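J.: no FASTA, just this:
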């Protein structure tokens, strides 16, 4: 990916033993940007019943330093992965030659995995704010 002239995003789809299932290209952008829908990133992972994925995209400039947008979208990707029960193991930014940055290693965008930040305890259950399981009946509903 380091030799591509356009910014390209791929996912590395993994099974339950972290073996590679597929590596689809999700987006191709321009020289320095790509616009993504987080849901598109997970489409093939859901189809292939993958347990986890790694996101990778290149910076055609050769500088693998993550942009603020890279960090923000990583947080959204991790959050969506928790909801879908697909672990996002890392987001790699590929630069020139063998240069790359692991956002997880730098702690960028993976803060969402903390219960207090995400509202998703143990990474599996979803808390619904202001949700009541109380059933209204004509006898209990005074309004």
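T.: Yep, it's here. Predicted model, so just to flag it, every value in this text is computed and none were measured.
J.: Now do the same for the spatially most central residue of the chain: helix, strand or coil?
T.: Of all residues in the chain, the one closest to the mean position by CA atoms, centre = their mean is residue 77, 2.2 Å from it. Classification of residue 77 by DSSP: H, G, I helix; E, B strand; the rest coil places it in helix.
J.: Let me see the contact set for it.
T.: 38, 41, 55, 88, 91, 109 (CB atoms under 8 Å, 6 or more residues apart in numbering). C-beta coordinates here come from the backbone N, C-alpha and C atoms, glycine included.
J.: Apply 7 Å and report the result again.
T.: Contacts of residue 77 were listed using CB atoms under 7 Å, 6 or more residues apart in numbering, and they are 38, 41, 55, 88, 91.
J.: same thing with residue 101?
T.: 64, 65, 66, 93.
J.: Pick out whichever of these sits closest to residue 10.
T.: residue 93 (12.0 Å; CB to CB).
J.: List only buried entries from the contacts of residue 77.
T.: Burial by neighbour count, judged by 16 or more other CB atoms under 10 Å, picks out 41, 55, 88, 91 from those.
J.: Please tabulate the residues you listed in JSON lines, including the columns secondary structure.
T.: Shown next, in JSON lines, are those (three-state DSSP):
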{"residue": "41", "secondary structure": "helix"}
{"residue": "55", "secondary structure": "strand"}
{"residue": "88", "secondary structure": "strand"}
{"residue": "91", "secondary structure": "strand"}
